[in-house]
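Peer 1: pasting a predicted model and its sequence here:
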Amino acid sequence: MEVIVATLITFLFLAGSLQAIVLATFIRVQAQEKQLSNQLIQEDIEALQSTAENLARNDSLCSANTLANGYAQALITAYSGNTYQLDEPFFGYTMRLHRDYLGDGRLIDGTTGNTTDIAESTPPHRVLKVRYVTQSVKNGTTKDVTEHYVEVIPSAALQCP
């Protein structure tokens with residue numbers, strides 16, 4: 001009887017230990033996934049800010065009343081040479097970074113250029129509002145990992161009267 005109890009206790013201890021190891025591994029992979037997601041977003045934000053700092057001053061953009069003729073659109077145009085959708089392999093998954101621009105009462109899809117009406121408009125359109133979404137993709141299944149929202153003001157827009 002004592003041998004059976006000792007064996008049962010040993011089995012339960014080993015089972016608990018193995019579950020703890022599996023859980024720790026799962027949490028570590030999730031943390032690495034979020035870290036890579038944040039890294040992709042940070043790299044893109046830094047590139048966008050660099051473009052915003054180097055945008056030339058243009059007085060006609062200072063008093064824009066629509067997104068199409070303001071500093072926000074000038075920044076979108078200047079930055080459009082960069083990839084809108086970045087893929088990064090990760091543990092058999094693909095991490096995908098997607099960027100959308102917000103303004104003039106619409107959402108501009110960074111990949112397709114399609115627009116969707118939203119309740120947001122802020123003349124004189126000097127601030128570019130960007131929404132980032134990172135997703136993990138495996139075998140056609142997509143899961144959102146993180147979502148960030150940033151606002152970028154070109155340095156030239158700060159020189160407007």
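Peer 2: Ah, there it is.
Peer 1: helix or strand for the most centrally placed residue in the chain, which one?
Peer 2: Nearest to the mean C-alpha position of the chain, by Cα atoms, centre = their mean, lies residue 132 at 3.0 Å. Following DSSP states H and E, one finds residue 132 within strand 128-138.
Peer 1: thinking again about what came up before, next up, the contacts around the residue nearest to the centre of the chain.
Peer 2: Taking Cβ atoms under 8 Å, 6 or more residues apart in numbering, we find residue 132 in contact with 41, 44-45, 97-100, 146-150. Using the backbone N, CA and C atoms, a C-beta is placed for each residue, glycine as well.
Peer 1: is it in a bridge, and if so with what?
Peer 2: residue 99, residue 148 (DSSP bridges).
Peer 1: any regions of the protein where pLDDT drops low?
Peer 2: 81-88, 90, 103-125 (pLDDT under 70).
Peer 1: mind giving me the packing neighbours of the longest helix seen in the chain?
Peer 2: Counting residues, the longest helix found in the chain (DSSP state H) is helix 2-53. Helices and strands touching helix 2-53, by 3 or more Cβ pairs under 8 Å, 6 or more residues apart in numbering; DSSP states H and E, are helix 71-79, strand 85-90, strand 93-103, strand 128-138, strand 141-152.
Peer 1: how close does the residue nearest to residue 78 when sequence neighbours are not counted get to residue 156?
Peer 2: Sequence neighbours aside, residue 51 is the residue nearest to residue 78 in space, at 5.3 Å (criterion: Cβ to Cβ, 6 or more residues apart in numbering). For residue 51, the distance to residue 156 (Cβ to Cβ, to the nearest Å) stands at 11 Å.
Peer 1: what do you get for residue 96?
Peer 2: 32 Å.
Peer 1: hang on, residue 74 packs against residue 128?
Peer 2: No. Using Cβ atoms under 8 Å, residue 74 is not in contact with residue 128; the gap is 9.0 Å.
Peer 1: looking at the two, which one has more neighbours?
Peer 2: residue 128 (26 against 23; other Cβ atoms under 10 Å).
Peer 1: who's the more buried one bridged to?
Peer 2: Residue 128 has these beta-bridge partners by DSSP bridges: residue 152.
Peer 1: that one touches residue 100, doesn't it?
Peer 2: No. Assessed by Cβ under 8 Å, residue 128 is found out of contact with residue 100, at 11.2 Å.
Peer 1: for residue 58, give me the backbone phi and psi.
Peer 2: With angles defined as degrees, to the nearest 10, residue 58 sits at phi -140, psi 110.
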